[in-house]
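Student: What would the 3D arrangement of this be:
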Amino acid sequence: MSAQGAIPAASHAARWWHRLDDGRLQCDLCPRDCRLHEGQRGLCFVRQREGDRVVLTTYGRSSGFCIDPIEKKPLNHFHPGSSVFSFGTAGCNLACKFCQNWDISKSREMDRLMDAASPERIAEVALDAGCKSVAFTYNDPVIFAEYALDVADACHERGVQTVAVTAGYIHAAPRREFFAKMDAANVDLKGFTEDFYMRQTGSHLAPVLETLEHIQNETTCWLEITTLLIPGQNDSSEDLEAMTRWVADRLGPDVPLHFTAFHPDYKMTDVPATPPATLARARKIAQANGLRHVYTGNVHDTAGGTTSCPGCLEPLIVRDWHAILRYEMRERGACPHCGTGIAGRFGAYDGAFGRRRIPVRVAV
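Tutor: Just a heads-up that it's a prediction; the model follows:
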């Protein structure tokens, strides 16, 4: 697609809405429950009322396509070393002051969406590029759920898997449909208090916890969790104790948990970057509470990037940032030293894609 000028808005009928007695249309996708008069958009900016229906204005349009290492999502137990075909759109249904992708997720400029592709075309390009999966990322795929679900169907028809990188802020009915078609998800658990969620994201904690429990207990979707640790905001030992105990008790000890470093950005440029010692402290707390696979991210830390056998404690996958330095796991995820099974989705390891990031242009 040529970069000469904006692509016209691609209005696509939205699902999950109903009419109110006062004539407004309520979007039922996420807990914001936006109530729309004619022409109004929801907080996410991409769901809009047009006449007597709600539409998704970004269907088939992207802020860009890239081939990434799967470890960048981050997913450490989902086909390690493989490449993933990644894309996002624009907008978001949260209002995080610390957003690290704010230029995309907070965008109100539709002319940022310079790439367009049908679901079938995305699946074909991903397959031709040798990607194991397609990731809905960069901004939250919940807000372009109709597009993501159609892409997932096209991918599955061609043997390509799908990954959602999401904050998990979604209502129960669309949640069931959405995660039923995802092969893996990394959910941002942004903190563990209602106060943090309200002050820093403009949302609520409970729906996110419900999403985590639904994925882990009611779907076959592989789940990993990421928490961006922000100095003085969500990094207290008390909060980390409560969060990691909840994960162990409600989701189980094998769910991988990633603690990643914050850098000053968007509306938090006055907050310092996360010290590596904070990540190390969080990791120790999580491990002490029974979690078997706890990682650090956005820093060079081979100890915090290593997958070890929970049985004999031997290092099996050694990583530095997104790069795999050593891989010793048997196919299907078993320790070669003691035979203990490692939770995750594993297969034949053909070498690592590495830390490359390859932009791709996709024609309609």
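Student: if I read this right, Gly130 contacts Ser83, doesn't it?
Tutor: Yes. At 6.5 Å, Gly130 counts as touching Ser83 under the criterion of Cβ atoms under 8 Å. Every C-beta, even on glycine, is put in place using the N, C-alpha and C of the backbone.
Student: ok, the two, which is more surrounded?
Tutor: Ser83 (21 against 12; other Cβ atoms under 10 Å).
Student: Could you report the separation of that one from Ala135?
Tutor: 10 Å (Cβ to Cβ, to the nearest Å).
Student: Please enumerate the shared neighbours of these two.
Tutor: Residues touching both Ser83 and Ala135 (Cβ atoms under 8 Å, 6 or more residues apart in numbering): Asp68, Ile70.
Student: Tell me, how many residues neighbour the nearest residue to Arg24 once chain neighbours are set aside?
Tutor: Residue nearest to Arg24 in three dimensions, not counting chain neighbours: Arg35, with 4.5 Å by Cβ to Cβ, 6 or more residues apart in numbering. Arg35: 15 surrounding residues under other Cβ under 10 Å.
Student: can I assume Arg35 is in contact with Gln26?
Tutor: Yes. Counting by Cβ under 8 Å, Arg35 does reach Gln26; the two are 5.0 Å apart.
Student: all strands for the stretch 251-364 of the chain, in order.
Tutor: In the stretch 251-364 of the chain, the strands defined using DSSP state E, counting those that start in this stretch lie at 257-261, 294-297, 307-308, 315-320, 323-327, 358-360.
Student: cool, and the stretch 101-250 of the chain?
Tutor: According to DSSP E, counting those that start in this stretch, the strands that the stretch 101-250 of the chain contains are 115-116, 133-136, 161-166, 184-188, 222-229.
Student: Lowest mean pLDDT among the helices and strands of this protein, which one is it?
Tutor: Least confident helix or strand, the chain: helix 102-105 with a mean of 50, by mean pLDDT, DSSP states H and E.
Student: residue contacts, the residue nearest to Tyr349 when sequence neighbours are not counted?
Tutor: Excluding the flanking residues, the one nearest Tyr349 by Cβ to Cβ, 6+ apart is Tyr327, at 5.4 Å. Contact analysis of Tyr327 by Cβ under 8 Å, 6+ apart lists Pro80, Gly81, Leu316, Ile317, Val318, Tyr349, Ala352.
Student: Quick check: the gap between the residue nearest to Arg24 and His18.
Tutor: 10 Å.
Student: Low-confidence regions, this structure specifically.
Tutor: 1-10, 100-114, 266, 363-364 (pLDDT under 70).
Student: re the thing from before, what do Arg35 and Gln26 both touch?
Tutor: Joint contacts of Arg35 and Gln26 (Cβ under 8 Å, 6+ apart) are Leu20.
Student: Looks to me like Arg49 is in a helix.
Tutor: No. Membership of Arg49 in a helix is not supported by DSSP: H, G, I helix; E, B strand; the rest coil, which gives strand.
Student: which residues does it contact?
Tutor: Neighbours of Arg49 in contact, by Cβ under 8 Å, 6+ apart: Leu25, Leu36, His37, Glu38, Gly39, Gln40, Arg41, Val55.
Student: Show me where the chain has its helices.
Tutor: Here the chain has its helices, by DSSP state H, at 102-105, 119-128, 145-157, 172-180, 194-196, 206-218, 237-246, 276-288, 302-305.
Student: To Gly341, which of the ones you listed lies closest?
Tutor: Gly341 lies closest to helix 206-218 among the helices of the chain, at 17.5 Å (Cβ to Cβ).
Student: thinking again about what came up before, reformat the helices of the chain as CSV; add distance to Asp265 and mean neighbour count.
Tutor: Shown next, in CSV, are these (distance: least, Cβ to Cβ, whole Å; neighbours: other Cβ atoms under 10 Å):
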stretch, distance to Asp265, mean neighbour count
helix 102-105, 7, 19
helix 119-128, 29, 19
helix 145-157, 25, 21
helix 172-180, 28, 17
helix 194-196, 17, 12
helix 206-218, 21, 18
helix 237-246, 21, 17
helix 276-288, 17, 18
helix 302-305, 22, 18
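Student: so can I have TSV of these showing distance to Val362?
Tutor: Converted to TSV, those look like this (distance: least, Cβ to Cβ, whole Å):
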stretch	distance to Val362
helix 102-105	17
helix 119-128	5
helix 145-157	12
helix 172-180	23
helix 194-196	38
helix 206-218	28
helix 237-246	38
helix 276-288	36
helix 302-305	31
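Student: still on that earlier bit, what's the ChimeraX syntax to select whichever of the contacts of Arg49 are buried?
Tutor: In ChimeraX, this line selects whichever of the contacts of Arg49 come out buried by 16 or more other Cβ atoms under 10 Å:
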select :25,36,41,55
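Student: Just the ones in strands from the contacts of Arg49, please.
Tutor: Per DSSP state E, strands hold the following members of those: Leu25, Leu36, Val55.
Student: from what I can see Gly344 touches Ala184, true?
Tutor: No. Using Cβ under 8 Å, Gly344 is not in contact with Ala184, being 9.4 Å away.
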